[in-house]
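Peer 1: Got a sequence here, can you model it:
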Amino acid sequence: MNHPAALPVQRPSWALLGSEPLRAALEFASHKLGKARDGEPGDGHPVIIFPGLGADGSSVATLLRHCRSLGYAAHDWGQGYNTGPRGDLDTWLEQLKSRVSALVAGHPLPATLIGWSLGGLYAREIGKLMAPRVRQVITIGTPFNSDADHTHAGWLFRLLNRGASTLDPALRVRLRTPPPLRTTSIYSRSDGVVAWQTCRHAQPSPLVQEIEVPGSHIGMGWNREVLAAIGDRLAQPPGPWRPYVRSH
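Peer 2: Residues are numbered from 1 along each chain as shown. I've put the predicted structure just below:
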């Protein structure tokens, strides 16, 4: 596979974008009608899930149930609708860190942070701020290696960048830099909202892995392949990464 830096990055086609609702509905039906996949029983560590832009805890309800069914102490971020950061980004992130710290208080084990789309950017940044208390970060369809013109949700980045149409160079480098802990990016080449290349790390590292799944962007929260990958990541033992083997 070519390195992401060597591939031209373009917005997903309008056809992919237009088919997002139908494909997401089919993925939801597949999840509901298909046989549930057993996962490894969890160790009970806390899992915090950050929804995408314009979504709230109800959008990650399937993912929450999945994590809880495996034995994890899963919570959504508890902040209602994700309307993007307000005011100074660093001040806002510090406030979010305090709320996440309160959610995991009392748990003896480090937490996993999971973020969908824009929520994945939060998970990565909070992972940097809370590294000793965080076990790993998992992002789902999160374009951390992107600029505004690589996505059909360019206004997502304008929320982070004080309204500018392109990312400030320093902020771009910051978002592309992974947390200093295990980080997995789950992405789809058929994502109709963000360019799949922007969900991959530019530089290899023993701490980062990427998992490709088939599916839409807005259906990732109940996509069976995504749920299986998350179950595998949550059960990762300490030490070197265990290779992810996609089930069929």
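Peer 1: which stretches of the protein have low pLDDT?
Peer 2: For the chain, the stretches with pLDDT under 70 are 1-7, 35-39, 147-168, 247-248.
Peer 1: And the strands in it, which stretches?
Peer 2: 46-50, 73-76, 111-116, 134-140, 182-187, 208-212 (DSSP state E).
Peer 1: can you point me to the longest helix in this protein?
Peer 2: Scanning the chain for the longest helix, with DSSP state H as the assignment, gives helix 89-104.
Peer 1: As CSV, could you dump the C-alpha coordinates of that helix?
Peer 2: Output of helix 89-104 as CSV, limited to C-alpha atoms (Å, rounded to 0.1, in the frame of the first residue of the first chain):
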residue,chain,number,x,y,z
LEU,A,89,-9.2,25.9,22.1
ASP,A,90,-6.7,25.2,24.8
THR,A,91,-9.0,26.6,27.5
TRP,A,92,-11.9,24.6,26.2
LEU,A,93,-9.8,21.4,26.1
GLU,A,94,-8.7,21.9,29.6
GLN,A,95,-12.3,22.2,30.7
LEU,A,96,-13.1,19.0,28.8
LYS,A,97,-10.2,17.3,30.4
SER,A,98,-11.6,18.1,33.8
ARG,A,99,-15.0,16.6,32.9
VAL,A,100,-13.4,13.4,31.5
SER,A,101,-11.2,13.2,34.7
ALA,A,102,-14.4,13.3,36.7
LEU,A,103,-15.9,10.5,34.7
VAL,A,104,-13.0,8.2,35.2
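Peer 1: Which strands and helices lie in contact with that helix?
Peer 2: Applying 3 or more Cβ pairs under 8 Å, 6 or more residues apart in numbering; DSSP states H and E, we find helix 89-104 packed against strand 46-50, strand 111-116, helix 118-129. To be clear about C-beta, it is placed using only N, CA and C from the backbone, and glycine gets the same treatment.
Peer 1: re the thing from before, need the winner for burial among the strands of the chain.
Peer 2: The highest mean neighbour count among these, using mean count of other Cβ atoms under 10 Å, belongs to strand 111-116: a mean of 29.
Peer 1: For that one, which helices and strands make contact with it?
Peer 2: Packing partners of strand 111-116 (3+ Cβ pairs under 8 Å, 6+ apart): strand 46-50, helix 61-69, helix 89-104, helix 118-129, strand 134-140, helix 224-234.
Peer 1: Now render the ones you listed as a markdown table, adding distance to Ile218.
Peer 2: Output for these, formatted as a markdown table (distance: least, Cβ to Cβ, whole Å):
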| stretch | distance to Ile218 |
| --- | --- |
| strand 46-50 | 16 |
| helix 61-69 | 13 |
| helix 89-104 | 23 |
| helix 118-129 | 13 |
| strand 134-140 | 11 |
| helix 224-234 | 12 |
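Peer 1: and Asp76, which of the ones you listed is closest to it?
Peer 2: strand 46-50 (5.1 Å; Cβ to Cβ).
Peer 1: one step back: I'd like the helices and strands packed on helix 89-104 laid out as a markdown table, including distance to Leu22.
Peer 2: Below are the helices and strands packed on helix 89-104 laid out as a markdown table (distance: least, Cβ to Cβ, whole Å):
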| stretch | distance to Leu22 |
| --- | --- |
| strand 46-50 | 25 |
| strand 111-116 | 19 |
| helix 118-129 | 23 |
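Peer 1: And those: which comes nearest Gly239?
Peer 2: Short answer: strand 111-116, nearest of the helices and strands packed on helix 89-104 by Cβ to Cβ, at 16.4 Å.
Peer 1: quick one: strands adjacent to the closest one?
Peer 2: strand 46-50 (parallel), strand 134-140 (parallel) (DSSP bridges).
Peer 1: Please name whichever of the ones you listed is nearest to Gln95.
Peer 2: Using Cβ to Cβ, the nearest of the strands paired with strand 111-116 to Gln95 is strand 46-50, at 14.0 Å.
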